[in-house]
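J.: Structural data only, the sequence is not supplied:
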């Protein structure tokens, strides 16, 4: 009887054939419908991304303080006030500093008068000494007095300049052009600058240009690079997506409760001023993006046929030149498709099953299979356990290139006027993946329904095996 592949992606048929009914529930089991869930292969964009959270901040944030203390007379800026660089935003009572400046100028004038007197005395003493009318000690004394007077003048000049600077500091200017996002004082309040600089305002630079500081985990930082696109959302606008670009990936680690992260800075545009400092951004860093590719659902590669359901072996050919091969578990990563008995959870195939599957392999797949078989038998003989690193054997590294996998297409036969469900295994070469599925490189055309799971059916019972610890390739357990 010729099998046919239905066009729909769901199949709901009772398991009526006697062998399957006996396997699923015994002779007295009721007919239980089994439903195969499937998704079609679609042509779409495939995006790999890193999900991370971070905080939105201005490109430049300046805290404006006061270097002098006193009573605040004026506040010319408030929250959300736009200010320009050099604008007066606050004034402190200058009276104390004005008096200090006056006193410093008076001391300077006195020092200058002393200097004039010292210069005259030094000149007179030098003249009398030349006439040998005064001893040398008087000459030395007047020169020392002159030097002290000169130093005193310089000291008082510095005091005047210091008092003048303090007086000027009573007027607070905006250091940058931006927006006042924080004001910490009120008019009439007294600020003290004896031990630290009190903060009066916090000014953010142009808020139309902002940045996000993302904390990327050490497991993901290797894929993050300069210039990558970043899509993100904020809770305030949950229905809107924003975008930015990676500007900096810092090398300095941050450790919090043994979790190591690296700060990644993202530049964003904020022309409508919707985004505000301090908002939490839920970001996706786009590390890889492919457009117009075939994608198969991730569930199709994880699907394992239930025991008792007929599975036809794969008979399609795919190229294996660039397939990633390695000593991993039998999941197609070795360069040959997963045997149908392994997909069904059985370790021991029948001779007919094994011969039929081997006949379906290409020469390259057959060579890869023989190498894998020899390696696994050697590992078992050494007590290393089966595939996947069991029994203390080292685990294989994950594949980093195209891999060969097995998926299943749904189908039905009509036997004695009643439908019989079966699966057709298909070899497929897949590449990169995202959260939804894998890129199909070969093996499946667009629109093909691929099984991703089952629903309903009788309780499955594992098929008995003569030796559950035997080789997955047949031929009995390894000899000791």
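T.: That came in fine, so what should we check first? In this text the structure is predicted, and so the values were computed from the model without any measurement. Numbers count the residues shown, from 1 in each chain.
J.: Going by C-alpha atoms from here, please, whenever you check contacts or count neighbours.
T.: Noted.
J.: residues making contact with the strand or helix carrying residue 450?
T.: Per DSSP states H and E, residue 450 falls inside strand 449-456. With CA atoms under 8 Å, 6 or more residues apart in numbering as the test, strand 449-456 has contacts from 7-9, 32-41, 296-297, 299-303, 407-410.
J.: Could you list which of these belong to helices?
T.: Among these, the members falling in helices (DSSP state H) are 299, 300, 301, 302.
J.: What does the pLDDT read for the first one?
T.: In this prediction, residue 299 carries a pLDDT score of 90.
J.: right, and the helix or strand after the longest helix along the chain?
T.: Using DSSP H, we find that the single longest helix of the chain is helix 95-130. Per DSSP H and E, the first helix or strand lying C-terminal to helix 95-130 is helix 136-168.
J.: helices and strands around that next one, which ones?
T.: helix 95-130 (3 or more CA pairs under 8 Å, 6 or more residues apart in numbering; DSSP states H and E).
J.: Next, count neighbours for residue 297.
T.: Using other CA atoms under 10 Å, residue 297 has 23 neighbouring residues.
J.: Quick check: beta-bridge partners of it?
T.: For residue 297, the residues forming beta bridges with it (DSSP bridges) are residue 437.
J.: Just the buried subset of the contacts of strand 449-456, please.
T.: 9, 32-41, 296-297, 299-301, 303, 407-410 (16 or more other CA atoms under 10 Å).
J.: In which helix or strand does the most centrally placed residue in the chain reside?
T.: Centroid-nearest residue in the chain, with CA atoms, centre = their mean: residue 216, separated by 4.0 Å. Secondary structure assigned from DSSP H and E places residue 216 in strand 209-217.
J.: Sheet-wise, list the partners of that strand with their directions.
T.: Applying DSSP bridges to the sheet, strand 209-217 is found paired with strand 42-58 (antiparallel), strand 259-269 (antiparallel).
J.: circling back: which of the buried ones among the contacts of strand 449-456 fall in strands?
T.: Residues of the buried ones among the contacts of strand 449-456 located in strands (DSSP state E): 33-40, 296-297, 407-410.
J.: Name every strand pairing with the strand holding residue 450 and say which way it goes.
T.: Counting by DSSP bridges, strand 449-456 is paired with strand 33-40 (antiparallel).
J.: What average pLDDT does the strand it pairs with get?
T.: Computed over strand 33-40, the average pLDDT equals 86.
J.: Now for the closest residue to residue 150 other than its chain neighbours: which residues touch it?
T.: Nearest non-adjacent residue to residue 150, counting by CA to CA, 6 or more residues apart in numbering: residue 115, 6.0 Å away. Residue 115 makes contact with 146, 149, 150, 153 under the criterion CA under 8 Å, 6+ apart.
J.: distance of the closest residue to the second one other than its chain neighbours from residue 74?
T.: Spelled out, it's residue 149. Using CA to CA, 6+ apart and skipping the chain neighbours, the partner closest in space to residue 149 is residue 115 (4.7 Å). Going from residue 115 to residue 74 by CA to CA, to the nearest Å gives 43 Å.
J.: quick one, helices of the stretch 201-350 of the chain?
T.: 298-302, 340-343 (DSSP state H, counting those that start in this stretch).
J.: pLDDT on the shortest one, on average?
T.: Mean pLDDT, helix 340-343: 63.
J.: Kindly report the same for stretch 190-207.
T.: Average pLDDT, stretch 190-207: 87.
J.: Repeat that for stretch 271-278.
T.: Taken as a whole, stretch 271-278 carries a mean pLDDT of 93.
J.: ok, and what's touching that stretch?
T.: Outside stretch 271-278, the residues that touch it by CA under 8 Å, 6+ apart are 55, 56, 57, 58, 207, 208, 209.
J.: now the end-to-end length of that stretch.
T.: 17 Å.
J.: in it, what's buried?
T.: Buried, per 16+ other CA under 10 Å, within stretch 271-278: 275, 276, 277.
J.: Please report phi then psi for the last one.
T.: Torsion angles at residue 277 (phi, psi; degrees, to the nearest 10) stand at phi -60, psi 140.
J.: excluding its backbone neighbours, what's nearest residue 126?
T.: Closest residue to residue 126 apart from its sequence neighbours, by CA to CA, 6+ apart: residue 139 at 6.2 Å.
J.: That neighbour: what's it in contact with?
T.: Counted by CA under 8 Å, 6+ apart, residue 139 has contacts 122, 125, 126, 129.
J.: Which of those ranks first by neighbour count?
T.: Using other CA under 10 Å as the neighbour criterion, residue 125 leads the contacts of residue 139 with 21 neighbours.
J.: tell me the contacts of it?
T.: Residue 125 neighbours (CA under 8 Å, 6+ apart): 134, 138, 139, 142.
J.: In PyMOL, how would I select the buried members of these?
T.: Filtering the contacts of residue 125 down to the buried ones (16+ other CA under 10 Å) takes a single PyMOL command:
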select buried, resi 139+142
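J.: Between all of the contacts of residue 125, which two are separated the most?
T.: 134 and 142 (11.7 Å; CA to CA).
J.: Make CSV from the contacts of residue 125 and add pLDDT and distance to residue 433 to it.
T.: Shown next, in CSV, are the contacts of residue 125 (pLDDT from 0 to 100; distance: CA to CA, whole Å):
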residue, pLDDT, distance to residue 433
134, 85, 104
138, 88, 98
139, 87, 96
142, 92, 93
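J.: nearest to residue 264, of the contacts of residue 125?
T.: residue 142 (69.6 Å).
J.: dump the residue contacts of that closest one.
T.: Residue 142 sits next to 118, 121, 122, 125 when contact means CA under 8 Å, 6+ apart.
J.: now with 6 Å?
T.: residue 122 (CA atoms under 6 Å, 6 or more residues apart in numbering).
J.: gap between it and residue 135?
T.: Residue 142 is 12 Å from residue 135, by CA to CA.
J.: So residue 263 is in contact with residue 215, correct?
T.: Yes - in terms of CA atoms under 6 Å, residue 263 counts as a neighbour of residue 215; the distance is 4.8 Å.
J.: Can you give me the neighbour number for residue 423?
T.: By other CA under 10 Å, 21 other residues sit near residue 423.
J.: what distance separates the strand ranked longest in the chain from the centre of its chain?
T.: Using DSSP E to assign secondary structure, the strand with the most residues in the chain is strand 237-256. Here strand 237-256 is found 7 Å from its chain centre; the criterion is CA atoms, centre = their mean, to the nearest Å.
J.: Next: stretch 105-114.
T.: Worked out by CA atoms, centre = their mean, stretch 105-114 lies 67 Å from the chain centre.
J.: who touches it?
T.: 152, 153, 156, 160.
J.: what do you get for stretch 159-167?
T.: Against stretch 159-167 from outside (CA under 6 Å, 6+ apart): 97, 101, 104, 105.
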